[in-house]
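>>> quick one, structure for this:
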Amino acid sequence: MAETKDLDHHLVEIPADGDHHKKLIAVIQDHPLMEISDSPGHLLLLRLSQREEDLSGRIIVGKERRLDTLKREVFQLCLLFSAFHGLFLTLLFGSSSDDLDVFVCRK
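Numbers count the residues shown, from 1 in each chain. Now for the predicted structure:
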């Protein structure tokens, strides 16, 4: 418990006065999308484009996820292929005998 008392605590004070709020509203009012959203037709188009952007973003994320999964599976297959052939060749060369006269047919 003594260690927790020794820690330095920092407080960050966020100004919440009216002047800050007015500046924030002024910045929002100057935003180009605010001008578009004043008209009902433009607001509808803005919402549709945002919805379409969100949908295309989700589709792209899904495709990227599938691509990452496919890359991982291909890497695993290559690794297993290399490990299998390494083991197979090690067993093949290890089982070959140095004395070739034993396996040679004689007449």
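>>> which stretches of this structure have low pLDDT?
Scanning the chain for pLDDT under 70 picks out 1-8, 11-18, 97-107.
>>> can you map out the helices along it?
In the chain, the helices defined using DSSP state H lie at 2-6, 18-29, 32-36, 40-95.
>>> make a markdown table from those helices and add mean neighbour count to it.
Heads up, the C-betas are built off the backbone N, CA and C, glycines and all. Output for the helices of the chain, formatted as a markdown table (neighbours: other CB atoms under 10 Å):
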| stretch | mean neighbour count |
| --- | --- |
| helix 2-6 | 6 |
| helix 18-29 | 10 |
| helix 32-36 | 11 |
| helix 40-95 | 10 |
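>>> which ones are touching residue 36?
42-43, 45-46 (CB atoms under 8 Å, 6 or more residues apart in numbering).
>>> ditto for residue 80
Under the criterion of CB under 8 Å, 6+ apart, residue 80 has no neighbours.
>>> how near is it to residue 86?
Residue 80 sits 11 Å away from residue 86, going by CB to CB, to the nearest Å.
>>> same deal with residue 61?
Using CB to CB, residue 61 is found at 37 Å from residue 86.
>>> cool, and residue 25?
Counting by CB to CB, the separation of residue 25 from residue 86 is 68 Å.
>>> what's the answer for residue 53, then?
Counting by CB to CB - residue 53 and residue 86 are separated by 49 Å.
>>> same thing with residue 19?
71 Å.
>>> one more: residue 30?
Counting by CB to CB, the gap from residue 30 to residue 86 is 66 Å.
>>> please apply the same query to residue 71.
Remark: distance between residue 71 and residue 86 (CB to CB) = 22 Å.
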